[in-house]
Structure formats: C-alpha cells, structure tokens
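Q: sharing a model that was predicted from the sequence below.
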Amino acid sequence: QKIKKTVVCAGRIEPRKNQISVLKLAKLFPDFTFTFIGDSNPYAVQYSNKFQNELKKYKNVSYIKFLDLKKLKKIFRSAEIFISLSFFEVVSLTELEAYSAHCKMIDSKNSYFRYINPDEGVVFVDPEDEGIIVNTLLNLSNFKISNTKRKNSLLNDKIRAMSSKNIKNNLKTLFSNI
C-alpha cells in the first residue's frame, strides 16, 4: 500500500548525489514526508555536515543512516515517489529497487537508468532546474502508474541481465578467464 505524498531519497550523502536540493523541496512541500536513507561519504565531511544541519530545519523530514535490504525494500514498497537528483549516476541499485517496488520516480537526466526505457511513471530532470523539479513532483503526486505496465516493463531484458544470478555468473566467467 503506497502512502500518498511520501518521498524517499536513498544514496550516500555526498555532493554529487545532491541531497541538499531535495531538502529544498521539503520546504516547498510541507505536507509531503521526505525520508533520506544513506551513510555519509567520509570524504565529503563538509557537505555531510551541511546536510545534517539542514535536516534539523524541517519537521517533514527524517534521516536513516543505514537499512538492510529487506527494510529498504519495505520502505520503497510504501513510498509513493523515489527521487534522485544526482549529478552523476550509473544505474544505482536503489533506482532498480524503487522501480521494482512500483515507486513513481524523479530521476536525474544523468542517470543511465534512462537507457532501460522505463515506463511513464519515471521522469528524468535536470538536477539544477528547480522549477522543473517542483512541477514534476506536483505532477507525479497526482499521476497513477499502471502496475500492469510497470510489471511488464520489469521484464525488460536489460533489468533481467542485471539480476544477482547473472552478475554472479558473469563474475565467475570473468575470474575463470583471468
């Protein structure tokens, strides 16, 4: 069961992940609940400290330093929207988990997730265009994704190729060839 107006931002706390921009949304959307999940990058202490100080300003924000995969999946299953405004990203496992949990998603245009050809419940934005991000959050909160369409898109060969079984087999092959 999805909880309306619940936004999750998961990833290591560091400048390239751009969580402080997501925090700005919490100020603009006080009736939304924002949950940040991720440990701080030990090489980005200044950014992490700024992020921690900003967190204290909002009643609609919570922060979880670490969750095991089972608990993370549970949060994704209940979240309405997943957001990542990263300046650089490959296809993160958090994106795949959020997608498979049927979250609507606001993702950075820099994410390689766009090559997986996700359904219309995923919107790619410029992480520096606050106006577009605000409008996208408003539009997605009123948008209903088709679970059938999402289920079908999860059968995409590219996602299946990234299954843990296939990755394990590929690594075995790689190491046996070395």
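A: In hand now; what should we look at? All values derive from a computational prediction rather than experimental measurement. Numbers count the residues shown, from 1 in each chain.

Q: contacts, neighbours, all on C-alpha from now
A: Fine.

Q: how about the lengthiest strand in the chain: buried residues?
A: For the chain, the strand reaching the highest residue count under DSSP state E is reported as strand 3-10. Residues K5, T6, V7, V8, C9, A10 are the ones in strand 3-10 that count as buried (16 or more other C-alpha atoms under 10 Å).

Q: including distance to K172, could those residues go into TSV?
A: Output for these, formatted as TSV (distance: C-alpha to C-alpha, whole Å):
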residue	distance to K172
K5	43
T6	40
V7	38
V8	34
C9	33
A10	30
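
Q: closest to E95 out of the residues you listed?
A: A10 (8.7 Å; C-alpha to C-alpha).

Q: would you map the strands across this protein?
A: All strands of the chain, identified by DSSP E, fall at 3-10, 33-37, 61-64, 79-84, 104-108, 122-125.

Q: partner strands of the second one, with direction?
A: This points to strand 33-37. strand 3-10 (parallel), strand 61-64 (parallel) (DSSP bridges).

Q: nearest to E80 among the ones you listed would be which one?
A: Nearest to E80, of these and by C-alpha to C-alpha, is strand 3-10 at 5.3 Å.

Q: avg pLDDT for the closest one?
A: For strand 3-10, mean pLDDT is 96.
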